[in-house]
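**Q** take this sequence and fold it.
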Amino acid sequence: TVLFDVAANAGAARTGAVIVAGGGLSRTCTVVQAAFVPVLAVSPASVNAGSGGASGLALSVTANISWTAATNAPWLAITSGESGTTNGTVVFAVAANAGVARTGAVIVAGGGISRTCTVVQAAFVPSLAVSPARTNVTCAAAGGLALEVTANISWTAATNVPWLAITTGETGTNNGSISFDLAENATFFVRTGAIVVAGGGLSRTCAVVQAGIPFVLEVDPASTNAPAEGAAGLELAVAANIPWTATTNAVWLTITSGGSGATNGSVTFAVASNLVAAWRTGTVVVAGGNLSRTCRVVQAPGVFVPT
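**A** Okay, the predicted model is just below:
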């Protein structure tokens, strides 16, 4: 028995022989060796990347030949595994995209073979948001109110009314915070303004709703007693910051002065004699600004005199 080895073939198909000879005889075993077939494959064949970019992306290489890796776009960069002699891994990074969608490739080549991993990167999508979108405040002046901005673009902030003022954070390039003040609302009316944040063709608004001065209307006393024979010059104190008028709901109650006012004041009224032998109740009503306050007047019964 003759044992023999066949060396690896790195080229074309070839033929050789093992020759056994003796006694003037010669016998041959022909050995036909297949050609070398280079192998080169990459996986995956394509990668999708977000507009924000990515790093540490891996490309597996299966090969029986020496190979090198390169990219065809400046926004693709190989960070490790640029070459190999057999199986290996190429690691690459994708830069952030500030424009439209784009396509590039990582190319692995060797032994006359080239394999490609196509990289498709999404278009940049501008993002801009503010929080809160609405804030409600009292009529008093206030400072240091905060508005948070979440963004991937440059932006500027402004107000649309003179009673709102931005104190810090008028501009930003990504996430940020805006601080603003507001002046006192010295009217009775609710007013609305806005902080407007704009950039990259986007605009976001925080509505600021400020209450007016609360209406104040109070009377003192809330009730009073009158004798049967009546009384004059009774006074009702009015505390108010709004215009008001005074009336009664009974013909035996009469406003004698102070029937109206614009702020604090007093109402003077009279109670007629009660000619009926029964208690009776009436009311002095002070009203204004959708508010109404009352003073209850209770009068003693008159003395019944039979005829």
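**Q** excluding chain neighbours, give the residue nearest to V271 in space.
**A** Distance criterion CB to CB, 6 or more residues apart in numbering; nearest residue to V271, sequence neighbours excluded, is A226 at 4.2 Å. Quick note: C-beta positions are derived from backbone N, CA and C, even for glycine.
**Q** ok, how many other residues are close to the one you found?
**A** A226 is flanked by 22 other residues according to other CB atoms under 10 Å.
**Q** residue contacts, it?
**A** Contacts for A226 (CB atoms under 8 Å, 6 or more residues apart in numbering) come out as 234, 271, 297-300.
**Q** looking at these, which are in strands?
**A** Among the contacts of A226, DSSP state E puts 234, 271, 297-299 in strands.
**Q** just the buried subset of the residues you listed, please.
**A** 234, 271, 297, 299 (16 or more other CB atoms under 10 Å).
**Q** my read is that the first one contacts A272, right?
**A** No. Proximity of L234 to A272 does not meet the contact threshold set by CB atoms under 8 Å, at 11.9 Å.
**Q** returning to what we had before: can you redo the buried ones among the ones in strands among the contacts of A226 as a markdown table with pLDDT?
**A** Below are those laid out as a markdown table (pLDDT from 0 to 100):
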| residue | pLDDT |
| --- | --- |
| L234 | 97 |
| V271 | 98 |
| V297 | 98 |
| Q299 | 98 |
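**Q** L202: which of those is nearest?
**A** Ranked by distance to L202 (CB to CB), those are led by V297 at 64.8 Å.
**Q** which ones are touching Q121?
**A** Neighbours of Q121 in contact, by CB under 8 Å, 6+ apart: 48-51, 53, 75, 94, 97, 101-104.
**Q** give me the nearest residue to it, chain neighbours excluded.
**A** Using CB to CB, 6+ apart, the closest residue to Q121 is A49 (4.5 Å).
**Q** need the pLDDT of the one you found.
**A** Note for A49: predicted pLDDT of 97.
**Q** list the buried residues in stretch 43-57.
**A** Neighbour-count burial for stretch 43-57 flags 47, 49, 51, 54, 57 (criterion: 16+ other CB under 10 Å).
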